[in-house]
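K.L.:
predicted structure and sequence below. I'll ask about it afterward.
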Amino acid sequence: MKDEPKTFLEHLGELRIRLIISAFAVLTGTTISILFSGRLFDLSNGLLTLPLRLRSNDIMVFLLGFISRLGIDNSIIELAQLFLRSKPYNASVITLFAAAPMEKFMVVFKASFIVGIILSAPVILYELWAFVLPALKHNEKRYFLPLFFITLFFFSIGAAFAFFIVTPVSIPILSSLLPSVQNQWRIENYFSFVAWLVLAFGVSFELPVVMGFVSRLGIINAEFFRKQRKIAIVLVFIAAAVITPTQDPFTMCLMAIPLMVLYEVGIRFAVLFGSQNVSQLSG
């Protein structure tokens, strides 16, 4: 069945309905997060304080094990894993505190709101794509569901990578600086740090989707991306320096290295989804 064109007011009405659905999804996710706030914020077993409890040595051993499956020399990997397992883990003690009467309430509300957005992300992305769908051509609509799931997948991978790997590895390094200074962190600063890293990595991991989309529009092709690898590496490190909240070299590398891998994945996306009609920018 052919889609009938809608008037401007009808489009506004549809947009209003989809915004209401998205807002209701965020409200539902936020309410659920508030109801389970005890499990989210508890220092001994809370989800949002998990990066404080994870051992960076164990995480590095896991990452090295993952790298070894990619075909890199296993003897070097095993030697590095053995060194990390034998190395004592001397993490600095970090104490979270509230510096104002309303700080705990505001942190619980902000963090619950962020978790609510993450929980409702599938609904928000679906409503966004469903609103754009009528504007697409018939042969382009078949990419709707694949692109929806790919976008959601890369955001989830980036957010999980930031929360379970980057944050637990960065915190001991940052806390070990100036050993004579006690690590008493405001609870608002800690959760802002974690939330910003999760959001930054989630958005940054959409790089392959953006490259494939740009290539699909015919603006830049895969060959152009291949020729500009050196420039892309410089831009990736600049972006990592701007996006990471602490601007320390270690956290920047933890963002830059995956982005360089994702750039290569983006080239594959450009090949797969690229258009034959490419503008002069890539010529």
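P.N.:
Noted; the coordinates are in hand.
K.L.:
okay, the residue most central in space within the chain: pLDDT?
P.N.:
Nearest residue to the geometric centre of the chain (CA atoms, centre = their mean): Gly202, 1.5 Å. Per-residue pLDDT puts Gly202 at 86.
K.L.:
where's it, which helix or strand?
P.N.:
Assigning secondary structure by DSSP states H and E places Gly202 in helix 187-204.
K.L.:
which outside residues touch that helix?
P.N.:
Here helix 187-204 makes contact (CB atoms under 8 Å, 6 or more residues apart in numbering) with 48, 51, 96-99, 103-104, 106-107, 110-111, 114, 118, 155-156, 158-159, 161-163, 166-167, 170, 239, 243-246, 251, 255, 258-259, 262. C-beta here means a position set from N, CA and C on the backbone, and glycine is covered the same way.
K.L.:
drop anything exposed from the residues you listed.
P.N.:
With neighbours counted by 16 or more other CB atoms under 10 Å, the contacts of helix 187-204 contain buried members at 48, 51, 96, 107, 111, 114, 118, 155, 158-159, 161-163, 166-167, 170, 239, 243-244, 251, 255, 258-259, 262.
K.L.:
heading C-terminal from the helix holding Gly202, find the next helix or strand.
P.N.:
Following helix 187-204 in sequence, per DSSP H and E, is helix 207-216.
K.L.:
hmm, back to that, just the contacts of helix 187-204: which are in helices?
P.N.:
Residues from those lying in helices, with DSSP state H as the criterion: 51, 103-104, 106-107, 110-111, 114, 118, 155-156, 158-159, 161, 167, 170, 239, 243, 251, 255, 258-259, 262.
K.L.:
what about Glu264, how many neighbours?
P.N.:
14 (other CB atoms under 10 Å).
K.L.:
quick one, the helix or strand hosting it and helix 187-204 angle?
P.N.:
If you go by DSSP H and E, Glu264 is part of helix 249-273. Helix 249-273 and helix 187-204 are oriented at 30 degrees to each other (axes from the mean of the first three to the mean of the last three CA atoms, to 10 degrees).
K.L.:
tell me which residues of helix 249-273 are tucked away?
P.N.:
For helix 249-273, the buried set under the neighbour-count rule, 16+ other CB under 10 Å, comprises 251-252, 254-256, 258-259, 262-263, 265-267, 269-270, 273.
K.L.:
for it, which helices and strands make contact with it?
P.N.:
Helices and strands touching helix 249-273, by 3 or more CB pairs under 8 Å, 6 or more residues apart in numbering; DSSP states H and E, are helix 167-176, helix 187-204, helix 207-216, helix 222-227, helix 229-243.
K.L.:
what angle do the last one and helix 187-204 make?
P.N.:
Think helix 229-243. Using the same axes, to 10 degrees, helix 229-243 lies at 160 degrees relative to helix 187-204.
K.L.:
which sections of the stretch 51-200 of the chain are below the confidence cut-off?
P.N.:
For the stretch 51-200 of the chain, the stretches with pLDDT under 70 are 56-92, 134-141, 143-144.
K.L.:
please repeat the previous calculation with a cut-off of 50.
P.N.:
Counting by pLDDT under 50, the stretch 51-200 of the chain shows no low-confidence range.
K.L.:
once you drop chain neighbours, what's closest to Glu103?
P.N.:
Glu188 (5.6 Å; CB to CB, 6 or more residues apart in numbering).
K.L.:
can you get me a residue count around the one you found?
P.N.:
Close neighbours of Glu188, defined as other CB under 10 Å, add up to 18.
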